[in-house]
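>>> model the structure of this input:
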Amino acid sequence: MTKNEIQPGVDAGGVDALIRASLAGKRDWRVLARIILECERDGLWKGKASSFSAWLKLFAEQLGIQISNLWRYRRAGKAAFVFWGDQGQCRIKSLEDMPDGISPESIEILDKISRAAPAYLVKQLSTRLFEKDIPMRELRALWKKFRSSLQGDARGRSKIAPALSRSDSRRRASLLEELAAGALSRLRVSDVCSGEGSIKVLSNVIVMGGGCEVDIAMVTSGKVDGVEIHGVVVLTQVTPGKVAVLQRLKRYCDYVWVVLPDSPTAEVYRCLDEEIGLFQVRELKADIIRKAKKIYPDTGDVMARSVISKLMC
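From the prediction side, this is the model:
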């Protein structure tokens, strides 16, 4: 097999240049991905190998790299058009339009995250990745958080890629709760109330006297105010039921908060009392939009607070 045969339909000098660049350690994965996708799309490998996979193996041998790398470039190239091409943000017409320094691994991880993450989060992440404003460690941390929610092969290598129905509103809310719990655990006591101390985040806590379940409870303990309970409700949309839960929590919690996936709308401000605090969760970070005001509940369980205080030590 000659070099001309490896890439039918593409200028032979271009292929030779790619091979020389590869040997010199200056290979551009975006160019290789474009060649691979063009050959697959147009069937240019036919007559050169028994299958596309066999052709790709020959191409890898000629370039002197692992075939697994070429498969990764192919997957990343396809995903790039979903995020930034005509299927996404319309930022690129060709893979070479992507900025230098975006690795195929980072695009692969984002693609996996997109199977489970809410659409707003995927859009935020894809924008940050295109602008090279997100470190790989953060993407990996998010993937680690979402992979357990996917059915099938969590690494996405099965014939049927693991997926989560975007119409499953209950699961979307659950995923937002998981993200929120992780983001809130990174806060300091001084971020949410006065003083210094320790903070613990608990998920799905039953308010016995109130007959309701709170999505997240933050418990803060300090030298001045002792143990304080923060009731946190994840609000994907304003509903009478959620508003009623918030009103009940005001009877038992020192502070009441709402977690939002997006910036609060006029409806949110209109429906929520001014003492209720607002968080906006972005990836693994919780931004405080409005700080909660202390409520001083008169029905808080003194005994429970005493036990919690000892557990916090």
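>>> quick one, strands of the protein?
Along the chain, counting by DSSP state E, strands occupy 197-207, 212-222, 226-234, 255-260, 277-282, 285-290.
>>> and the fifth one, how far from the chain's centre?
Yep, that's strand 277-282 we're talking about. Here the centre of mass of C-alpha atoms in strand 277-282, compared against the chain's by CA atoms, centre = their mean, to the nearest Å, lies 16 Å away.
>>> sheet partners, orientation included, of it?
According to DSSP bridges, the neighbouring strands of strand 277-282, each with its direction, are strand 255-260 (parallel), strand 285-290 (antiparallel).
>>> in CSV, list those strands along with mean neighbour count and mean pLDDT.
For the C-beta atoms, the positions are set from N, CA and C on the backbone; glycine is no exception. Listed next are the strands paired with strand 277-282 as CSV, based on neighbours: other CB atoms under 10 Å; pLDDT from 0 to 100:
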stretch, mean neighbour count, mean pLDDT
strand 255-260, 25, 90
strand 285-290, 16, 88
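>>> residue 187 is nearest to which of the ones you listed?
strand 285-290 (6.2 Å; CB to CB).
>>> any idea of the pLDDT on residue 67?
The predicted local distance difference test score for residue 67 is 92.
>>> in contact with it, which residues?
Contact partners of residue 67, counting by CB atoms under 8 Å, 6 or more residues apart in numbering, are 56, 57, 60.
>>> apply 6 Å and report the result again.
With contact set as CB atoms under 6 Å, 6 or more residues apart in numbering, residue 67 has these partners: 57, 60.
>>> state the distance from it to residue 241.
Separation of residue 67 from residue 241 (CB to CB, to the nearest Å) stands at 54 Å.
>>> before we move on, what about residue 63?
The separation that residue 63 has from residue 241, given CB to CB, amounts to 59 Å.
>>> could you do residue 92 as well?
If you measure residue 92 against residue 241 using CB to CB, the figure is 43 Å.
>>> give me the more crowded residue out of those two.
The neighbour comparison of residue 92 against residue 241 (other CB atoms under 10 Å) goes to residue 92, with 19 against 9.
>>> with adjacent residues omitted, what lies nearest to the more buried one?
On the basis of CB to CB, 6 or more residues apart in numbering, the spatially nearest residue to residue 92 that is not a chain neighbour turns out to be residue 84, at 4.8 Å.
>>> and the one you found, how many neighbours does it have?
For residue 84, the count of nearby residues is 23 (other CB under 10 Å).
>>> quick check: it touching residue 94?
No: between residue 84 and residue 94 no contact is recorded; they are 10.8 Å apart, counting by CB atoms under 6 Å.
>>> buried set for the longest helix along the chain?
Secondary structure of the chain per DSSP state H: the longest helix is helix 67-84. Within helix 67-84, the residues that qualify as buried by neighbour count (16 or more other CB atoms under 10 Å) are 70, 72-84.
>>> what of stretch 49-66?
Applying a neighbour-count criterion of 16+ other CB under 10 Å, one finds 49, 52, 55, 56, 58, 59, 60, 62, 63, 65 buried in stretch 49-66.
>>> contact partners for the fifth one?
Read it as residue 58. In this structure, residue 58 makes contact with residue 49, judged by CB under 6 Å, 6+ apart.
>>> 35 is where my numbering starts, stick with that
I'll keep to 35 as the first residue from here, and by that count the last item is residue 92.
>>> ok, the residue nearest to residue 330 when sequence neighbours are not counted - contacts?
Of all residues not flanking residue 330 in the chain, residue 288 sits nearest, at 7.2 Å (CB to CB, 6+ apart). Residue 288 is in contact with 262, 263, 328, counting by CB under 6 Å, 6+ apart.
>>> where does the stretch 35-184 of the chain have low pLDDT?
Low-confidence segments of the stretch 35-184 of the chain, defined by pLDDT under 70, are located at 35-60, 182-184.
>>> fine, thanks again, bye for now.
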